[in-house]
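In: Sharing a model that was predicted from the sequence below.
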Amino acid sequence: MKTTNYEQIQETLYSKKLENGLEVYLLPKREMAKTFAVFTTEYGSIDQTFTPLGKDEQVTVPEGIAHFLEHKLFEKEDRDVFQDFSKQGASPNAFTSFTSTAYLFSATSQISENVQTLLDFVQNPYFSDESVEKEKGIIAQEIRMYDDQPDWRSFFGTIQSLFEEHPVKIDIAGTVDSIQDITKEDLYTCYETFYHPSNMTFFLAGNFDPETMMKQIEDNQNSKSFAPPEDIKRSYPSEPTEVANKHKVIEMPVSVSKCLVGVKEDTSSLTKDTFLQTDMIKSMVLDHFFSKSGEYFEKLYKEDLVDDSFSFETHLHKTFGFTILGGNTREPEQFQKRVKEMLHELKERDLTDEEFERMKKKRIGQFLRSMNSLEFIATTFVQYRHLGIDLFQVLPEIEKLTKQDVMNHIQNWISEDRIAVCEVRPSEA
Amino acid sequence: MSTIEEHVFKQEGYHLHMIPTKKYKTNTISVKLKSPLNREVITKRALLPYVLQQATSNYPSARSFRTALDSLYGAVLSVDSSKKGEDHVMTFRMELPNDEMLSGDESLLKQGLALINEIIFHPKVEGEALDKAIVNREKQTLTQKIKSLKDDKMSYANTRLIDEMCKEESYRFHVHGYEEDLNDITAENLYEYYQDMLSNDDMDVYVQGNLDPNEVQQIVQGTIKRQSAPNRSENKTTQQDAPSEVKEIVERQNIQQGKLHLGYRTSIRYGDKDYYALQVFNGIFGGFPSSKLFMNVREKHSLAYYAASRFESHKGLLLVFSGIDPNDYEQAKDIIEKQMDAMKAGEFSEEDVQETKQLVVNQLRETMDNQHGLIELMYHQVLSGSKVTPNEIIENVERVTHEDVLQVAKKVALDTVYFLTKEEGGNE
């Protein structure tokens, strides 16, 4: 078992790669009552086309299947796993993102039993025709719920405008139609391919003893047999540089219009070593200009174009990346015009040393704040791990950052052909 | 189990609650101003947090104020309004790194307190009025906020249920105010109300972190100075019985998913002896994924993605909410009512009670691990005037019996069923 001390943030991380390929990370925090566990596979909604384990030919599975599988793993032949956790005083959950599926629980007692339950239920699938059919009704209501949410519709609408081919444009839950095609056999195919321990990570943070816990997890894994690990062959279509659709309008029965401006990020030249810096710079620059202390936010506010709902985010992954800014607005036309002007203007901007120092201080504070949350630490650590980044190295990376790094980045960031806009407008009654 | 330490200091015009803890890398400050819900002033109270954040006497713009926060290692400040029983609570929250985590002597807590004090007590004033331009601009912000709440259908359905259910009670007042009131609000009358609030609201200051209580008391006393000292007001939240006939409201909009919300009366509040059994009752009925609502509405009948219940600690309400296909109204309502009937008939096992107690305790302990969560739990004591600490809640929950839960079930009475559904003849 490897022990890593991070002195500055006063944390110790224990880790081990097990024989079957599973990576285990343990972060004891004895002052907390709570323990949080997350068991993650690097398999998400974008993994639509791949070569199944032990096969030669590539297949394309129905949209929304990773999320469907996430739902179905909780159901076993004789019971629902929610009940097992409940009996042990734990609160379980799961989520599917573009690139991963995570199963988790939080608990303040019976940690060892709950860890066992988490490992075992994820590694023992049971899918039947009947239960697959039953789940379609539940997921259809989940999709309908999102259909009525203007925030979600505008967010996804922007992604769909940005990407022409890449499966990131597929709604994570699929559509009410696409999920009808999912079969028990499809689920097993995806499961066998993507839930091999060598494609998975187990992270536990909270109140437990690391030695005993590592032994328990290792014993549990040694008692199970898995096929030898293979490299997973995933296929993503080639995506043009420019956006798919420069302007999209969604009509919905809303009383307030929304407008989002999206930037399709170029991830082709990112490496393990440049990823974290690029990600940090983008979010620090957006924050500097568009948060409530930012010059651009102040302008948009004074021009009556934004309200409190205005927000921005950047997502960078291995095969795709995007930045989205926006929120409620009274004048979508003017809003998008101004935000685009501001984004283009970035390359001519300079930062004073004082501004740069404040950006760094703010980022350090944000990082320390996020370290209060076991959920954040565990899920972000794993997400970064998939990209080859160590979450606990963020602090030294921020400190290392120079003004020149930031300037170099913003000079080459924005180009017109990579910008798309999505509006949600009130539908005619 | 670690116990929560709370040091309460009676200051001039407010109570300071200091909670020392070593759990976090940051310190938290929370200032709460409380006043009974009142239709006459609720929109003003909803508007004030927006206005106060825009400028102060020393910081002429929101940007200059926010820049000062950024310099304190990105201290986060938020202001919000909430409804607790029939009280309106305005909360100013700040979170900033613990000096220990940073190199050099930063005395961040002191600087943070000074900023929070600035925003509450020193707004930008012109004569006997708040800044006119700011007030006008923020009226627009609030208008947009009120409108956009209607676009969030779960929130909208919940608001409408309370509108109908609590027609005669001040609990119905909307915490974000009313669009129609905004016309009559001016920079002058808002300033007048602001001063009224400063003189008459109950004020509580919470500070949490790896800090020494007496040092904190010295710093807070030197920073937050309030002239007036109102006597702490009694909790006046009213109680009403469910009507003899259940109210049923159906409303139509152009939407995909129907929202079925049910309002029950429990008449059980924080500090009551049944409050602990109510938590267990809610857990078995609809509070967890192992509950009757989740298992029956979702897992057994595939009618919903979510179907759950929660209780209001100070008004004595239990609310059920679910998102269903518009065509499944009768069936879903019937299943939900059957689950309640089962509770009343005692159709839950001793094992269910034991398991749910564990889940409730787990949830409470998790909330106590969260800085803001713990402060909210502690503040229940102020709201209810009952000195039951979070640790005592846990002990009391652990003592709940099957019979206690059954007694609670018998008190729960359905008041109103609200259904938001698609338009007739609309598309499927």
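Out: Thanks, I have it. Numbers count the residues shown, from 1 in each chain, chains lettered A, B, ... in the order given.
In: contacts, neighbours, all on C-alpha from now
Out: Will do.
In: Would you check that A:Phe289 makes contact with A:Ser283?
Out: No. A:Phe289 is beyond contact range of A:Ser283, at 10.2 Å (criterion: CA atoms under 8 Å).
In: Wait, a helix at A:Phe121?
Out: Yes. A:Phe121 forms part of a helix when assessed by DSSP: H, G, I helix; E, B strand; the rest coil.
In: Number of residues surrounding it?
Out: 18 (other CA atoms under 10 Å in any protein chain shown).
In: In contact with it, which residues?
Out: Counting by CA atoms under 8 Å, 6 or more residues apart in numbering or on different chains, A:Phe121 makes contact with A:Leu73, A:Phe74, A:Val81.
In: In ChimeraX, how would I select the buried members of those residues?
Out: Entered in ChimeraX, the line below selects the buried ones among the contacts of A:Phe121, by 16 or more other CA atoms under 10 Å in any protein chain shown:
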select /A:73,74,81
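In: Just give me how far the helix or strand encompassing B:Val205 sits from the chain centre.
Out: Per DSSP states H and E: B:Val205 is located in strand B:202-209. Taking the mean of its C-alpha atoms, strand B:202-209 sits 16 Å from the chain's own mean (CA atoms, centre = their mean, to the nearest Å).
In: again with stretch B:58-77
Out: 26 Å.
In: again with stretch B:388-400
Out: Put simply, stretch B:388-400 sits 21 Å off its chain's centre (CA atoms, centre = their mean).
In: Could you chop the chain up by domain?
Out: In the absence of a named chain, chain A is used. Domains of chain A are assigned by automatic domain parsing as A:2-234, A:247-426.
In: actually it's chain B I care about, not the one you picked
Out: Split by automatic domain parsing, chain B gives B:7-223, B:247-422.
In: how long is the shortest one end to end?
Out: With CA to CA, to the nearest Å as the measure, domain B:247-422 spans 20 Å from end to end.
In: just stretch A:394-408 next, same as before
Out: 20 Å.
In: Pull out the buried positions in it.
Out: A:Val394, A:Leu395, A:Ile398, A:Lys403, A:Val406, A:Met407.
In: near chain B, anything from that stretch?
Out: No. Using CA under 8 Å from any CA of the partner chain, stretch A:394-408 stays clear of chain B, coming no nearer than 11.3 Å.
In: Tell me the helix or strand right after the one helix or strand B:Val360 maps to.
Out: Under the criterion of DSSP H and E, B:Val360 resides in helix B:350-368. Proceeding N to C from helix B:350-368, the next assigned helix or strand is helix B:371-384, under DSSP H and E.
In: mind listing the helices for the chain?
Out: In the absence of a named chain, this looks at chain A. Using DSSP state H, the helices found in chain A span residues A:65-73, A:81-87, A:111-122, A:129-147, A:150-162, A:184-194, A:210-222, A:272-290, A:295-302, A:332-345, A:353-370, A:374-386, A:394-400, A:403-411.
In: ah, I was thinking of chain B
Out: Assigned by DSSP H, the helices in chain B fall at B:42-52, B:62-71, B:108-121, B:132-151, B:153-165, B:187-200, B:213-223, B:275-282, B:292-293, B:329-344, B:350-368, B:371-384, B:390-398, B:402-411.
In: Would you mind saying which of the ones you listed lies nearest B:Lys247?
Out: Smallest distance to B:Lys247 across the helices of chain B (CA to CA): 7.9 Å, for helix B:153-165.
In: So which elements touch the closest one?
Out: Packing contacts for helix B:153-165, counted by 3 or more CA pairs under 8 Å, 6 or more residues apart in numbering or on different chains; DSSP states H and E, involve helix B:132-151, strand B:258-265, strand B:413-422.
In: Give me the distance between A:Ala244 and chain B.
Out: Distance, A:Ala244 to chain B, by CA to the nearest CA, to the nearest Å: 27 Å.
In: Quick check: chain neighbours aside, which residue is closest to that residue?
Out: Closest residue to A:Ala244 apart from its sequence neighbours, by CA to CA, 6 or more residues apart in numbering or on different chains: A:Glu164 at 4.7 Å.
In: Repeat that for A:Gln411.
Out: A:Gln411 sits nearest to A:Lys347 (CA to CA, 6+ apart), 4.2 Å away.
In: which residues does A:Ile111 contact?
Out: A:Thr35, A:Phe208.
In: pLDDT value on it, please?
Out: Per-residue pLDDT puts A:Ile111 at 98.
In: Centre-most residue in the chain?
Out: Here I'm looking at chain A. Taking CA atoms, centre = their mean, the centroid of chain A lies closest to A:Ser97, which sits 5.1 Å from it.
In: meant chain B, my bad for not saying
Out: B:Ser82 (5.0 Å).
In: Local confidence estimate at that residue?
Out: pLDDT at B:Ser82 comes out at 95.
In: for B:Gly425, same thing?
Out: We have a pLDDT of 65 for B:Gly425.
In: Ok, A:Asp80 next?
Out: Reported pLDDT for A:Asp80: 90.
In: Which strand residues bridge it?
Out: Taking DSSP bridges, one finds A:Glu75 as the beta-bridge partners of A:Asp80.
In: neighbours of it, just the number please.
Out: Neighbours of A:Asp80 under the rule other CA under 10 Å: 18.
In: try A:Ser269
Out: A:Ser269 is flanked by 8 other residues according to other CA under 10 Å.
In: where does the chain dip in pLDDT?
Out: The chain I'm using is chain A. Within chain A, the ranges that satisfy pLDDT under 70 run A:429.
In: not quite, I wanted chain B
Out: Counting by pLDDT under 70, chain B has low-confidence residues at B:1-2, B:101, B:103-106, B:425-428.
In: and the strand holding B:Val205 with helix B:213-223, angle?
Out: Using axes from the mean of the first three to the mean of the last three CA atoms, to 10 degrees, the inter-axis angle of strand B:202-209 relative to helix B:213-223 is 130 degrees.
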